[in-house]
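> just to be clear, the model below is a prediction. Sequence and coordinates:
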Amino acid sequence: MKAEELIAKTPNLPVPSPAATRLLQLLAGDDRDNQAIINILKQDGVLSTKVLALCNSAAFELAAPVSSISQAIMYMGYEEVHRLVMAVTFGGALGSNLAGYFIEDGALWRHSLLTALLSQTVVRIVRTSQTDPSVAYTAGLIHDIGKLVVSYALDADKQELIRERVERGGRSLLEAEREVIGADHAEVGACLLRKWKLPEVLVEAVANHHNPPVEPRLELSSIVHVADMIAHEGGSSPGWSSYAVRTNEAVVEAMGLTTDHVEVLIISAYDAALQVDEALSAPV
């Protein structure tokens, strides 16, 4: 079955709000207009309310209440606002139980948040990368979005077929998914992002996060690939994901990551895990 058919058969799929979509498109551009960001947030009552609530929470310890989006962005900083918007947009769907993958409530969301934070760290370590850290964060957060669709297609019989191919046939998760249902979660995720009209840079990152291209140049998918692998090594492997962990050494070499870099990333994974735990325990 093709990715489009799988998506069409999946009920209750989340759809990003127009404001969230415009923010992502603005983010992916070369010129970030602060006033445009403010105007977009003002048009979405839910996002505006969440931003103001967080800014006025104990986390920021402001002397006086903040009542405007422009003030909130000034106090919180754009990256913090962006993280909150992405959490509101995708948190509910990615936090749900995915029976097809044996993923419990919150497990995929935790892995996604950890990968997002590590993607930011990888960008800052790889100084040759021109990727905006907020773009890397978003790509890391939604890299497994296709599992929302594939999980729905995995009934008990298909789950058993995948298990057999993985455990006895030595297949990766993606290989097993393609053989059993005709498409893998990375391909389906990319198709879903195109359907939502999200920026192509995010589509590429989701499509190739398990097998990033090295030539003619490294893409955002290489950043997400490394972050995803570190997240798995840090113990965040929800459901069947543990079987998909196959690090592409050519990507690591092309990025110029040394043993010292990897050690820094592993340490960052522990710090990021603490941030994730705090984020999960805080009301959004």
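Alright, I've got the coordinates.
> give me the contact list for the longest helix seen in the chain.
With residue count as the measure and DSSP state H as the assignment, the chain has helix 259-281 as its longest helix. Outside helix 259-281, the residues within contact range by Cβ atoms under 8 Å, 6 or more residues apart in numbering are 87, 106, 109-110, 113-114, 117-118, 121-122, 125, 226, 230-231, 233-234, 236, 252, 257. From N, CA and C alone the C-beta is placed, and that goes for glycine too.
> tell me which of those fall in helices.
Among those, the residues falling in helices (DSSP H) are 87, 109-110, 113-114, 117-118, 121-122, 125, 226, 230-231, 233, 252.
> list only buried entries from the residues you listed.
With burial judged by 16 or more other Cβ atoms under 10 Å, the buried subset of those is 87, 109-110, 113-114, 117-118, 121-122, 125, 226, 230-231, 252.
> out of the ones in helices among the contacts of helix 259-281, which one sits closest to residue 168?
Ranked by distance to residue 168 (Cβ to Cβ), these are led by residue 233 at 24.7 Å.
> now do the longest helix of the chain against helix 107-125: the angle between them, please.
In terms of direction (axes from the mean of the first three to the mean of the last three Cα atoms, to 10 degrees), helix 259-281 departs from helix 107-125 by 140 degrees.
> quick check: mean pLDDT of helix 259-281?
Mean pLDDT, computed over helix 259-281, is 78.
> chain center to it: distance?
In terms of Cα atoms, centre = their mean, to the nearest Å, the centre of helix 259-281 is set 15 Å apart from its chain centre.
> and for stretch 202-220?
Per Cα atoms, centre = their mean, the displacement of stretch 202-220 from the mean C-alpha position of its chain is 14 Å.
> in that stretch, what's buried?
202-210, 212-213, 218-220.
> residue ranges with poor pLDDT in the chain?
Residues of the chain that meet the criterion pLDDT under 70 lie in 30-32, 127-129, 234-245, 278-284.
> let's see that with 80 instead.
Within the chain, the stretches with pLDDT under 80 are 1, 27-34, 58-61, 63, 127-130, 233-246, 270-284.
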